[in-house]
Each structure stands twice: as structure tokens, then as C-alpha cells.
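Chemist: quick one, fold the following:
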Amino acid sequence: MKRFVKRYLIDAMSAMALGLFASLLIGTIFGAIGMIPHLEIFTTIGGFAKAMAGAAMGVAIAFSLKAHPLVMFSAAAVGYAANAQGAAGGPFAVFIIAIIAVEIGMLVSKKTKIDIIVTPFVTILVGGLLSVWIAPYIGIGVGYISKFIGWAALQAPFITGLIVSVVVGMVLTLPISSAAICQGLVMTGSVIAAGSSEGLAIAGAAAVAGCCAQMVGFAVISFRENKWGGLLSQGIGTSMLQVPNIIKNPCIWLAPTLASAITGPLAVCVFDLKMYGVAINSGMGTCGLLGPVGMILGWYDKTNGYPGEVTALHWIGLILVCFVLPAVLSLIFDAIFRKCKLVKDGDMKLEL
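Modeler: Numbers count the residues shown, from 1 in each chain. Now for the predicted structure:
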């Protein structure tokens, strides 16, 4: 069992997170740079990187499993198919399907004189069939999470702020696409987004708060283990890098999650933050700074229909909710859990 957990839930998951970072997330950062006038070429480059997310994750998983070259290269097609068919559950679909396809591919690899045909044929066939048969159901399963978030988005502001912040933040850390969920739910109040409403604008702001709490929270509480590399890779990359460590010790997830339970209600009930930018940014957090940047763009783009004036309270709230409070609250909660010996040094060490 320990060997199984290490091979699949730790090594493969760690590699998949790196594959995701080297494609979708770095592409997102390029996209953010491309928003600067005269640097639009970065948006194009970022689009290429994001399109390869599934393939990158598939190859990364194969690499972690020490697959033979033909199996590893075939895993690119498997990862692409699983990610495409899995919709919002794409990364999780890649994780499950790539492991199965790679392991079966390894059973035939280098066993015949026509290995160059047999190995990629078997690996891609297995991965392709599973992508068609299983990945959509993984997407449907994630859809139930989406429905719950959609229900929470229509509740009283405090309830919306609490539930949406916590759930979307946790989804961001898991191998599930929080951005796709927020986009699918049209989590923005923009008048150019069909089906939008003030309730969804509030939910979008809560989602930004929850995602920022996870990313900034993990970045600061693991600084002693991961230093500046870990701070940047989690703070503007992804908190998903911590999933293997969460599997080993779930208590490390408590601090940023509790922080999100505070920042979400504060965002919508105290600072009156609302998301009127592009809905997908509600699920990005501080990845490429797209969460807070998306909210700012929504304030000043007149085509979005942002109600009222942007005040100093909004700016103070945005800075506190997205950066300061997640760091401070997570450090406080983490210190408590370390004092209670629920978390210890080394629990959040990343293999970067």
C-alpha cells in the first residue's frame, strides 16, 4: 500500500502538477503579460502553452512512472484526449487515464520486434478509449460540485462568501479546473456575460478571495521549506503543487482553507467587492495575478456595467483580501497547528 501511495498518489501527482505548471499556468502568466499594450505576442505564446496542458500532464505522469520512451511520448496524446474529454475535471481525468494507459503500455513495451508500432498503438488505444468512455463521467462528477457552487452563489451574501470562497479555493488546489467551473457558471456580473447577475458578481469576488487564500496561504506557510522558488511557484503559479503533501498530511490544508473562510465573507460583506471582469478570472486566484487584475479590469471597463463608483475601500479591500489577509491568517493558523503538532517542518516540502 505504501508503494502504491508513493508511486501514484505522490510521485505521479507531483509530476502532473509540474506538467500543469509548465503548460496551462505558465501560459496563463504569459497571457497576463500580453494584456500590456504592445506585448500582445505574449498572449499568442500563452495560448500555445495552454493548449498543451493535457499533453504536458500526460508526459509528466509517464516520466514519473519511469516509462519507456515510446510509452512516454504516446502519453502526450493520451493526456490531450483525457483533458479535452474531461471538461472541468480534465486534470483529474488525465491523472487517472494516463496512469492506466502508461502501465498497460509498459506491459507490451520492448516485448516485440515491431515495438515502434505496438507500444504507441496499445498506449494510445487504451488511453483514447478510456478518454471517450470515462473522462466525460469524471467531468459530470465535477459538475455536481459546480451545481453546489451555483446554489451557494444565490444565497445571502455572507453564506455565498463563506461557501463559495472555501469550495472554489479547495477546487483550485485539487486537480480540478476552478477556472472552468467559474466560467461555466458565468461567475461575473458583467452585462456582456449571458445569465449574469449581482449574485454571481458577489460569488465571483468570493471565488477570487478563496483562490487567493489557497495560493498565497500555501506560499507563505511553506516558505521555510521551499524558500523563494516555492513562494513564487505557488503564489503566482498553483497551490496544486501541495496535493502530494496534502495526501501525506491533510492537516497542512487547514490553514489556507480557514483563511478563505474568513476572507470570502469579508470580501463581499465588508469591502463590497464584486467581480465584473471575465468570469474565468474568478477561478484563477493569484495565478498570473489574474484574479485581482480581472476584478480591477471589471471596475473600469465601462462595457461591463459595473454599478457605482470605485472607492478607496474597494482598493484597500482588494489588497487585503487577495494578498495581506491570506498571508497573515494562514501564518497564524499554521502556527497554531504546528504548536498542536498537527503540522511539522518538512510537511510542505516541494520537489521543484
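
Chemist: residues near residue 159, how many?
Modeler: 14 (other CB atoms under 10 Å). Heads up, the C-betas are built off the backbone N, CA and C, glycines and all.

Chemist: can you pull the contacts of it?
Modeler: Neighbouring residues of residue 159 by CB atoms under 8 Å, 6 or more residues apart in numbering: residue 152.

Chemist: so which bits of the helix or strand containing it are buried?
Modeler: Following DSSP states H and E, one finds residue 159 within helix 157-173. Across helix 157-173, burial judged by 16 or more other CB atoms under 10 Å covers 157, 160-173.

Chemist: what's downstream of that helix, the next helix or strand?
Modeler: Next along from helix 157-173, by DSSP H and E: helix 178-184.

Chemist: for the residue nearest to residue 221 when sequence neighbours are not counted, helix, strand, or coil?
Modeler: Spatial nearest neighbour of residue 221, chain neighbours left out: residue 334 (4.2 Å); criterion: CB to CB, 6 or more residues apart in numbering. Three-state call for residue 334 (DSSP: H, G, I helix; E, B strand; the rest coil): helix.

Chemist: now do the helix holding residue 159: distance to the chain's middle.
Modeler: 14 Å (CA atoms, centre = their mean, to the nearest Å).

Chemist: with adjacent residues omitted, what lies nearest to residue 134?
Modeler: Residue 134 sits nearest to residue 97 (CB to CB, 6+ apart), 6.5 Å away.

Chemist: near the one you found, how many residues? Count them for me, please.
Modeler: 30.

Chemist: what strand or helix carries it?
Modeler: Short version, using DSSP H and E: residue 97 is in helix 90-108.

Chemist: closest to residue 84 among the buried residues of helix 157-173?
Modeler: If you rank these by distance to residue 84 using CB to CB, residue 171 comes first, at 19.5 Å.

Chemist: that closest one: what's it in contact with?
Modeler: 145, 178, 181, 283.

Chemist: quickly note the distance from the last one to residue 190.
Modeler: This points to residue 283. Residue 283 is 15 Å from residue 190, where distance means CB to CB, to the nearest Å.

Chemist: for the two, indicate the residue with more neighbours.
Modeler: Higher neighbour count among residue 283 and residue 190: residue 283, with 32 against 22, using other CB under 10 Å.

Chemist: does the more buried one touch residue 184 like I think?
Modeler: No. Shown here, residue 283 and residue 184 do not form a contact pair, counting by CB atoms under 8 Å, at 9.7 Å.

Chemist: if we can go back for a sec, isn't the residue nearest to residue 134 up against residue 82?
Modeler: Yes. In this structure, residue 97 is within contact of residue 82 by CB under 8 Å, at 4.2 Å.

Chemist: between the two, which contacts overlap?
Modeler: Common neighbours of residue 97 and residue 82 (CB under 8 Å, 6+ apart) are 127, 130-131, 135.

Chemist: where do the helices sit along the stretch 251-352 of the chain?
Modeler: Taking DSSP state H, counting those that start in this stretch as the criterion, the stretch 251-352 of the chain carries its helices at 254-265, 290-300, 312-319, 325-339.

Chemist: most tightly packed of those?
Modeler: Sort those by mean neighbour count, taking mean count of other CB atoms under 10 Å, and helix 254-265 sits at the top with a mean of 25.

Chemist: thinking again about what came up before, for the buried residues of helix 157-173, work out which two are farthest apart.
Modeler: 157 and 173 (24.3 Å).

Chemist: buried ones in the helix or strand hosting residue 46?
Modeler: Assigned by DSSP H and E, residue 46 falls within helix 41-51. For helix 41-51, burial by neighbour count (16+ other CB under 10 Å) applies to 42-43, 46, 49-50.

Chemist: what of stretch 25-42?
Modeler: 25-32, 34, 42.

Chemist: check the offset of it from the chain's centre.
Modeler: 19 Å.

Chemist: could you dump that stretch to CSV, C-alpha only?
Modeler: Taking C-alpha atoms only, stretch 25-42 is exported to CSV below (Å, rounded to 0.1, in the frame of the first residue of the first chain):
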residue,chain,number,x,y,z
LEU,A,25,-0.3,28.0,-15.7
ILE,A,26,2.8,29.4,-17.3
GLY,A,27,0.6,30.1,-20.4
THR,A,28,-1.8,32.0,-18.2
ILE,A,29,1.1,34.1,-16.9
PHE,A,30,2.1,34.8,-20.5
GLY,A,31,-1.5,35.8,-21.2
ALA,A,32,-1.4,38.3,-18.3
ILE,A,33,1.8,39.8,-19.7
GLY,A,34,0.1,40.0,-23.1
MET,A,35,-2.5,42.4,-21.6
ILE,A,36,0.1,45.1,-21.5
PRO,A,37,-0.1,47.3,-24.6
HIS,A,38,2.4,46.3,-27.4
LEU,A,39,3.1,43.0,-25.7
GLU,A,40,0.2,41.1,-27.3
ILE,A,41,2.6,38.5,-28.7
PHE,A,42,2.8,37.0,-25.2
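
Chemist: give me the pLDDT value at the residue lying closest to residue 243 once chain neighbours are set aside.
Modeler: Spatial nearest neighbour of residue 243, chain neighbours left out: residue 13 (5.4 Å); criterion: CB to CB, 6+ apart. Looking at residue 13, its pLDDT reads 87.

Chemist: all set now, cheers.
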